[in-house]
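> Got a sequence here, can you build the structure:
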Amino acid sequence: MTISAQPRAFFADFGRMRALRWIFAAAVLAAVVAAPDAADAARRARIVRAGAYDGVWNVVFATQAGNCSSTNSVPFTVSGHRVSSAGGGKVTGGIGRGGSVSVRISVGASVATGSGRLAGNSGAGRWSGIISGDRCRGIWQAARG
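All right, here's what the predicted structure looks like:
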């Protein structure tokens, strides 16, 4: 009786294919099982990040150009990604990824906008606006707490 080498080669290939299928199935299963954990971790990171700058910030505005008072200090409240007034006037704005901040401040007829960045417990940026009828611009610095 003669046995051909061809069937053995077929079955040898079948073993490798079967092993590859098992490896692929295990990888897919691991990805499916890990997916909810990865999504939960990403969601938790966003929740923590959203409040990374929460608190009351004291912001000092310094005028560099225009006929406005040289410095003003205003408290702001940060909650999540929103910036609002912690004192007088109307403050609206937001905080983006990496601490980038943008605000609009209005008190009576005076209006100013500002942008910059917060990092840790401090921040800085630029502002411009019309204060008591005068066009002004300058810089701001902030400290939390």
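
> Which residue comes closest to R117 once chain neighbours are left out?
G99 (5.0 Å; CB to CB, 6 or more residues apart in numbering). Every residue, glycine included, has its C-beta placed from N, CA and C.

> Quick one: residues contacting that neighbour.
A52, Y53, R117, L118, A119, G123 (CB atoms under 8 Å, 6 or more residues apart in numbering).

> in the chain, which spans are helices?
5-50 (DSSP state H).

> Domain parsing of it, as residue ranges.
1-50, 55-144 (automatic domain parsing).

> Quickly, which of the ones you listed bottoms out on average pLDDT?
Per-stretch mean pLDDT for those is lowest at domain 1-50 (a mean of 51).

> Name whatever forms a beta bridge with A119.
Counting by DSSP bridges, A119 forms beta bridges with S122.

> try S128
With DSSP bridges as the rule, S128 is bridged to T113, R137.

> Verify the contact between it and I105 for me.
No. Assessed by CB atoms under 8 Å, S128 is found out of contact with I105, at 11.1 Å.
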